[in-house]
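Q: generate a structure from the sequence data that follows.
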Amino acid sequence: MNDVQNTTRFLIQQPLSFLTRPLARGLPILARPGKPSVNLEKLNQILEGTAQLEDLIAIQNPEHWENLILNVEDSIDALFPLSNPAYPTEIWNSHPYPLVKRGLPVVFWSLIEHDEPDFWRFAARDMLNTLGADVHIVRNNREGLVLMKAFAMKRFLKQSKIVVFGEQNFPWNASAAGFKVTETLGLQISIRPIQNFRDRYDKFTNTEVEAVIKKRLGKRYLLQGVQNTDLQQAIRTYLAIREILIEERAIGFGVNCFGDLIIQGGRDVPCLAQLLLREEGFIAACDGDFIAMTSMVLSTYFLEKPCMTSNLYPVSYIGALTDHFGDPLSPSEDYSTDRWKNIARMAHCGFVGVVSPEMTPNGQVSLRDWGGTYEIHRDGRGCGIDGDLAANQEITVFSLNFGVKKLMVSPGKILETTRHTNMPHCESSLLLELNDLHGFFEEVSRDHVIVIYGDHQRDLEILANVLGLEFQTY
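A: This is a model prediction of the structure:
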């Protein structure tokens, strides 16, 4: 049994440099010459691998303070004001406006030996925040590390790009609304036609394709129903998209399958490409949904956890589900109807979704033919992904909103992965229960949401605060 709660992203190799969250950079500043009240050697040990601190600078006088703060280089993510023992008055209290004017985040670290906040810092935080400074009090060392990761994510987003392939005809229209992501987070979105990767298929020889199959499709992937020609095509799709991502230095992709590729008769679906590229450090989501892709960027590079995305269907929507699936997909008698208001299904193109093997109970997924939909029948072509999620597991479900102003998070639980008989267009679906499904679903206003094992509400709240997003739990 795979320990899904503690699993990390499976990486086949060291990711390329642009796929790695950088170290955060902090500048420690001592209120006056003397000994700092925080042990910098211990603090550097705590931050190792997450952030690096510059050399300590002791403030000589108010003029030195103002000149230093206003001229801190842009590569610094946060200022670390440090006190001298037994001195309650500090330069940032008597001369706060350089901090306000410069606008860099200010971090008051916790008492390292006690792993708790220094209560003297709360009044300083409130005063500085009132004036317009961005001040963070670290509750404990663990949350301090999360905070530094969040600062690094803010910088990472501003230097990153995702690629969306296909016509923009879904509500998640990157041509019309993608600028909201760039406007708020700095993440760039490149929009390309599907033909861009199709034009590259012929350059990859059968020998190259077979080499990928031999090297990458080991025990994590079971060949169960996919035709060999479709498997080879799936590898060519992977190689072509990979080449474009590297050329663009993009961290991930999405293809508008159901709104473009599939409805035009194509079966060169990128399901396997998603998984193989995730193993190299990229992110990938279905249907070119740039909001889901951006949300996946947060979970992948900030939380460093595997995640998946799929369509969310409240089981109380009996009529709509019947119209869409030919069956309401109602829960079994094991789940009383009074619970249905908070129970939902998740499914996508015949199966649960494009689930990475490390998220499954046995660490494996099956390569099948593409699963189809109720409207577009399964035809035995293509390469789809069939993978379960583990039952009775705590999860966090989340998404950004369309305006990229709010991060919406719901704790929940996976109840089961259900296998449906006589439904080739929906062989399997996930059954999950959220705290307030109705509230979450109304706010999300979209199909694709992100699922991660474990409770990550507090970490996502810290990230939202750093990114300037409203944080909402349900």
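Q: CA atoms for contacts and neighbours, from now on please.
A: Will do.
Q: what helices and strands are in contact with the helix or strand containing residue 130?
A: Per DSSP states H and E: residue 130 is located in helix 121-131. Judged by 3 or more CA pairs under 8 Å, 6 or more residues apart in numbering; DSSP states H and E, the packing partners of helix 121-131 are helix 97-102, strand 135-137.
Q: export stretch 383-397 as CSV, just CAs?
A: Only the C-alpha atoms of stretch 383-397 are listed here, as CSV (Å, rounded to 0.1, in the frame of the first residue of the first chain):
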residue,chain,number,x,y,z
CYS,A,383,-4.3,6.5,-24.8
GLY,A,384,-6.2,7.3,-21.6
ILE,A,385,-5.2,7.1,-17.9
ASP,A,386,-7.0,4.9,-15.5
GLY,A,387,-6.0,5.4,-11.9
ASP,A,388,-7.7,5.3,-8.5
LEU,A,389,-7.2,7.5,-5.5
ALA,A,390,-6.9,6.0,-2.0
ALA,A,391,-10.1,5.7,0.0
ASN,A,392,-10.7,7.2,3.5
GLN,A,393,-8.0,9.9,3.0
GLU,A,394,-8.0,13.5,4.2
ILE,A,395,-7.6,15.9,1.3
THR,A,396,-7.5,19.5,0.5
VAL,A,397,-9.5,20.7,-2.6
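Q: what comes up buried for it?
A: 383-391, 393-397 (16 or more other CA atoms under 10 Å).
Q: then stretch 328-335?
A: 328, 329, 330, 331.
Q: okay, now residue 468: neighbour count?
A: Neighbours of residue 468 under the rule other CA atoms under 10 Å: 15.
Q: which residues touch it?
A: By CA atoms under 8 Å, 6 or more residues apart in numbering, residue 468 lies in contact with residue 405.
Q: can you list contacts of the longest strand along the chain?
A: What stands out as the longest strand in the chain, according to DSSP state E, is strand 406-419. Outside strand 406-419, the residues that touch it by CA under 8 Å, 6+ apart are 352, 388-401, 427-436, 440, 443-444, 455, 457, 464, 469-474.
Q: helix or strand for residue 64, which one?
A: Applying DSSP H and E, one finds residue 64 within helix 62-70.
Q: that helix: how far from the chain's middle?
A: 38 Å (CA atoms, centre = their mean, to the nearest Å).
Q: what comes up buried for that helix?
A: For helix 62-70, by 16+ other CA under 10 Å, it's 65, 66, 69, 70.
Q: quick one: the second one from residue 354, how far?
A: Taking CA to CA, to the nearest Å as the criterion, residue 66 is separated from residue 354 by 53 Å.
Q: equivalent analysis for the last one, please.
A: With distances taken as CA to CA, residue 70 is found 48 Å from residue 354.
Q: what does the third one give?
A: From residue 69 over to residue 354 the distance is 48 Å, taken as CA to CA.
Q: so what pLDDT did the residue in the chain sticking out farthest from the centre get?
A: For the chain, the residue at maximal distance from the C-alpha centroid (CA atoms, centre = their mean) is residue 61, at 44.1 Å. Looking at residue 61, its pLDDT is 96.
Q: same check on residue 37?
A: 82.
Q: next one: it relative to residue 171, how far apart?
A: 53 Å.
Q: pretty sure residue 137 contacts residue 108?
A: Yes. Counting by CA atoms under 8 Å, residue 137 touches residue 108, with 4.9 Å between them.
Q: shared neighbours of the two, which are they?
A: residue 121.
Q: tell me where the stretch 301-450 of the chain has strands.
A: Listed in chain order, the strands of the stretch 301-450 of the chain (DSSP state E, counting those that start in this stretch) span 308-314, 343-347, 365-368, 384-386, 393-400, 406-419, 428-434, 448-453.
Q: name the stretch among the ones you listed that sits most buried.
A: Mean neighbour count (mean count of other CA atoms under 10 Å) peaks for strand 384-386 among the strands of the stretch 301-450 of the chain, with a mean of 28.
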